[in-house]
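[1] Got a sequence here, can you model it:
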Amino acid sequence: MTRTRVIMRARNDYREEFGELIGRMVPGSQTGPLIAEVDLDNFLVALGELDWSDAEGVQWETALATLVTSVLDDADTAEQRLAGAAPETKIDTATAEVVVPLLGTEWTGDLTSFQRRDLAALLGMNHGANFSVPGAGKTRVALAVFAAMRQKGDAERLLVICPKSAYETWQYEAGVCFAQPLRTTILAGTVNSTAELLVVNYERLARSRAALSAWLQARPSMIILDEAHRMKLGSSGAYGAACLALGPLANRRLILTGTPAPNGAQDLESLLSFVWPGRGKQVVSNAVAGGNLAYASSVLRPMFTRTTKAELGLPPVSTKIRYVDLPKLHREIYEVLKGNPSARSGDLDALGKTMLRMLMAATSPALLAEGTTRHEPLAYQVPPIEASPGDSLNTLLKNLPQHELSPKYEEAVKIVAQNAADQRKTLVWSTFVRSITTLERLLEPFQPAVVHGGTADREEQIQRFREDPDCWVLISNPATLGEGISLHHDCHDALYVDRDFTAGRFLQSLDRIHRLGLAPDTETRVTVLAARNTVDEVVARRLEEKLEFMGSILDDSAVRQLGDLQEEDTLTAGGMDAIDIRALLAHLSESK
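    Have a look, this model is predicted:
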């Protein structure tokens, strides 16, 4: 077996039988009369066709035999759980207590009842998946699985693949959960051969794959993918290809993510293919084939463990969508970008119709016009000036901030101002950096903290938002701050100026302010802005469909509800009116 392929060979006297076998298993994989190379996943899917006349004469490579046995054993366990012959994943607390002695005397970490339940379910299989929500303690449960493996002598070292934002959590937990803290190394160059816990980010995988492969094979090892949805593209993505190559080299594979199927069944297939090559993809495909998500959930449930927000006792979150109407010039430019002609002269075809451009245009078409710098904020004119009837659309696009204020920005200022008056801080999300810098200028009276990919003082900005009583708003994008940070002690209001089609990113960003540790009476509010009759409505519909699928698969009604946003009546929103907005902008322009 290579990292991702199985090589099959036969003696010359079995030439005809060998050809028939390969024809049944994976047609087209035979590279010579007596040799075939089969993708590992395809080999395991077709394992039932492996019928050989001289069964005793078949020689298996040890690593492949171990892999196949563990996958088949877990398949049997899952089927027994479905049939009721083995414990369900919902193990009661008394049963879960039994797992604690399995961790050995070196384990010192406290485990909640939900963590013990999840641990018991994971230890009941050779490999596993923990899809618990953020804040449920997936890191600690994963380390407990490693402790049990180490106690049995099945694993001496642990490789964790995670985002950089998770480094601190793994280092902290590895220090407090063991009487003798694990020797932990963050991979930055050469692989440390003495490390018990080796942590690497997804971006380094491709160039470090050979060294990591050698490290995994040198001693009995376990591998964990944290925020495993990062490899949802499977073998067609750089992260997925590297993970799939490393997975079979470890004695135990475990994935952690609260958003396992952000775009549908294919994401889940990729994740479970890492855990159970061949079997994972096949089970998901068969489960969802009939379109009955309740059935699919029941079939897949034995293959993962999940602690929900309801089980953690989190107070509910209020999620609303506030629709705005595009003003006249915004609408005209948007329709032309969409492909509907206008009576005005000008040509905007060069801008194209890509999804990102349409999302920008739904907020303000002016974001598409070139500035003096790449992320130059839009400069709004107060009071606005009337556009000339003879202006071309190209001219209007460039000068739009002189004529009209984006209704989304207007609503953002209203909401932040009202929240600040109520002594509530606001986390404002926008996909585009130029939109972030524009909001930074518009929200200047509230002394905003700003974090995006180019922010040099990220930690200082976050600390100021948390601690400065005059800083009422943090502006960021989900791609930068959507994972690995907790703001729920400081902020209970989130505002989405725009969203893209990535359901996982929406859920992850929302969890920054709604997670374990909230007081029971905390009111968490999420508002999404959307422009009527634009791509925003398409995004809202598709996210609802994706969250409905994932919530159904996970049997978690809270996920489904997050997609079903209630429309908010802007007349009851309170706060600033149009005159207030103009007065604020006039004040800002005077200070420049």
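[2] what bits of the stretch 1-150 of the chain have low per-residue confidence?
    Low-confidence regions of the stretch 1-150 of the chain, defined here as pLDDT under 70, cover residues 1-3, 82-97.
[3] for the stretch 151-300 of the chain, same thing?
    Under the criterion pLDDT under 70, no range of the stretch 151-300 of the chain is flagged.
[4] Show me the helices in it, by range?
    Listed in chain order, the helices found in the stretch 151-300 of the chain under DSSP state H, counting those that start in this stretch are 167-176, 205-218, 238-246, 265-275, 279-288, 293-300.
[5] Quick one: distance of the longest helix anywhere in the chain to the chain centre.
    The helix spanning the most residues in the chain, taking DSSP state H as the definition, is helix 62-83. Its chain's C-alpha centre lies 28 Å from the corresponding centre of helix 62-83 when counted by C-alpha atoms, centre = their mean, to the nearest Å.
[6] Which other helices and strands does that helix contact?
    For helix 62-83, the helices and strands in contact under the criterion 3 or more C-beta pairs under 8 Å, 6 or more residues apart in numbering; DSSP states H and E are helix 279-288. Every residue, glycine included, has its C-beta placed from N, CA and C.
[7] now the helix it packs on and helix 293-300, what's the angle there?
    Interaxial angle of helix 279-288 relative to helix 293-300 (axes from the mean of the first three to the mean of the last three C-alpha atoms, to 10 degrees): 150 degrees.
[8] Leaving out chain neighbours, which residue sits closest to Asn263?
    With C-beta to C-beta, 6 or more residues apart in numbering as the criterion, Asn263 has its nearest non-adjacent residue at 6.1 Å, and that residue is Lys546.
[9] Confirm that Thr31 sits in a strand.
    Yes: the assignment for Thr31 (DSSP: H, G, I helix; E, B strand; the rest coil) places it in a strand.
[10] Which residue comes closest to it once chain neighbours are left out?
    Excluding its sequence neighbours, the residue lying closest to Thr31 (C-beta to C-beta, 6+ apart) is Glu37, at 5.6 Å.
[11] just checking, the one you found touches Val6?
    Yes: in terms of C-beta atoms under 8 Å, Glu37 counts as a neighbour of Val6; the distance is 7.4 Å.
[12] higher neighbour count, the two?
    For the pair Glu37 and Val6, the greater number of neighbours falls to Val6 (22 against 15), based on other C-beta atoms under 10 Å.
[13] Please tell me how far the more buried one sits from Ser509.
    Taking C-beta to C-beta, to the nearest Å as the measure, Val6 falls 41 Å from Ser509.
[14] any idea of the pLDDT on the closest residue to Ser132 other than its chain neighbours?
    In space, and not counting its chain neighbours, Ser132 is closest to Thr307: 4.0 Å by C-beta to C-beta, 6+ apart. Per-residue pLDDT puts Thr307 at 92.
[15] got the contact list for Thr307?
    By C-beta atoms under 8 Å, 6 or more residues apart in numbering, Thr307 lies in contact with 114-115, 117-118, 132-133, 136.
[16] Quick check: of those, which lies closest to Ser235?
    Relative to Ser235, the closest of these is Ser132; by C-beta to C-beta it sits at 26.4 Å.
[17] quick one: that closest one and Thr257 touch, right?
    No: counting by C-beta under 8 Å, no contact exists between Ser132 and Thr257, whose distance comes to 9.1 Å.
[18] Between these two, which has more neighbouring residues?
    In terms of neighbours (other C-beta under 10 Å), Thr257 is the more surrounded of Ser132 and Thr257; the figures are 26 against 23.
[19] how about that one, what does it touch?
    Under the criterion of C-beta under 8 Å, 6+ apart, the contact list for Thr257 reads 131, 225-229, 271.
[20] With adjacent residues omitted, what lies nearest to Ala75?
    Excluding its sequence neighbours, the residue lying closest to Ala75 (C-beta to C-beta, 6+ apart) is Arg279, at 5.4 Å.
[21] burial count for the one you found?
    Other residues lying near Arg279 total 23 when counted by other C-beta under 10 Å.
[22] quick one on the thing from earlier: with neighbour count and distance to Gly290 added, can I get the contacts of Thr257 in a markdown table?
    Converted to a markdown table, the contacts of Thr257 look like this (neighbours: other C-beta atoms under 10 Å; distance: C-beta to C-beta, whole Å):
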| residue | neighbour count | distance to Gly290 |
| --- | --- | --- |
| Phe131 | 28 | 22 |
| Leu225 | 27 | 29 |
| Asp226 | 25 | 33 |
| Glu227 | 23 | 31 |
| Ala228 | 30 | 26 |
| His229 | 26 | 25 |
| Leu271 | 26 | 21 |
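[23] In strands, which of those fall?
    When strands are assigned by DSSP state E, the members of these inside them are 225-226.
[24] Output the contacts of Thr257 as JSON lines; include the columns distance to Asp325.
    As requested, those are exported to JSON lines (distance: C-beta to C-beta, whole Å):
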{"residue": "Phe131", "distance to Asp325": "39"}
{"residue": "Leu225", "distance to Asp325": "44"}
{"residue": "Asp226", "distance to Asp325": "43"}
{"residue": "Glu227", "distance to Asp325": "38"}
{"residue": "Ala228", "distance to Asp325": "41"}
{"residue": "His229", "distance to Asp325": "35"}
{"residue": "Leu271", "distance to Asp325": "41"}
